[in-house]
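In: Build the 3D model from these lines:
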Amino acid sequence: MINAFGLNGMGSQAAELYREMPNNLRDHVSQICVLNACSHAGLLHEARTIFNEISLKTESIITTMVDCLSRLFMFDEAQKLIEDYE
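Out: Modelled structure (predicted):
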């Protein structure tokens with residue numbers, strides 16, 4: 001459902017649904033979907049907040065956050081994020 005919201009330009013609704021999920025049901029797939037939805041909707045603040053709450057940052061999660069920053073032309077910050085997790 002989060003992914004469907006993201007694919008249809010409803011990033012805020014995707015983030016809201018993610019927030020309503022119990023923490024124990026949030027896995028890397030739901031985290032990637034919500035970050036991707038935020039990325040496509042230009043919701044950088046929401047994406048950053050969610051990214052910072054994720055304890056285990058997989059390569060896919062980091063890549064999705066880099067995509068979010070890059071879509072907003074924040075290339076220096078995207079590069080720094082890559083370097084921080086290399």
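
In: Start and end of stretch 9-29, how far apart?
Out: 18 Å (C-alpha to C-alpha, to the nearest Å).

In: I meant stretch 37-48, not that one.
Out: Start-to-end, stretch 37-48 (C-alpha to C-alpha) is 12 Å.

In: Report the buried residues of that stretch.
Out: 37, 38, 39, 40, 41, 43, 44, 46, 47, 48 (16 or more other C-beta atoms under 10 Å). The C-beta positions use only the backbone N, C-alpha and C, and glycine is treated the same way.

In: so which of those comes closest to residue 23?
Out: Nearest to residue 23 out of the buried residues of stretch 37-48 is residue 46 (C-beta to C-beta; 17.1 Å).

In: need the buried residues of stretch 37-48 in JSON lines with pLDDT and distance to residue 2, can you?
Out: Output for the buried residues of stretch 37-48, formatted as JSON lines (pLDDT from 0 to 100; distance: C-beta to C-beta, whole Å):
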{"residue": "37", "pLDDT": "97", "distance to residue 2": "6"}
{"residue": "38", "pLDDT": "97", "distance to residue 2": "10"}
{"residue": "39", "pLDDT": "96", "distance to residue 2": "13"}
{"residue": "40", "pLDDT": "94", "distance to residue 2": "12"}
{"residue": "41", "pLDDT": "95", "distance to residue 2": "12"}
{"residue": "43", "pLDDT": "97", "distance to residue 2": "13"}
{"residue": "44", "pLDDT": "97", "distance to residue 2": "18"}
{"residue": "46", "pLDDT": "97", "distance to residue 2": "13"}
{"residue": "47", "pLDDT": "98", "distance to residue 2": "13"}
{"residue": "48", "pLDDT": "98", "distance to residue 2": "17"}
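
In: Keep only those of those that are in helices.
Out: Among those, DSSP state H puts 37, 38, 39, 40, 41, 44, 46, 47, 48 in helices.

In: In terms of helices and strands, where is the residue nearest to the third one when sequence neighbours are not counted?
Out: Spatial nearest neighbour of residue 39, excluding adjacent residues (C-beta to C-beta, 6 or more residues apart in numbering): residue 68 at 3.7 Å. Counting by DSSP states H and E, the secondary-structure element that holds residue 68 is helix 59-71.
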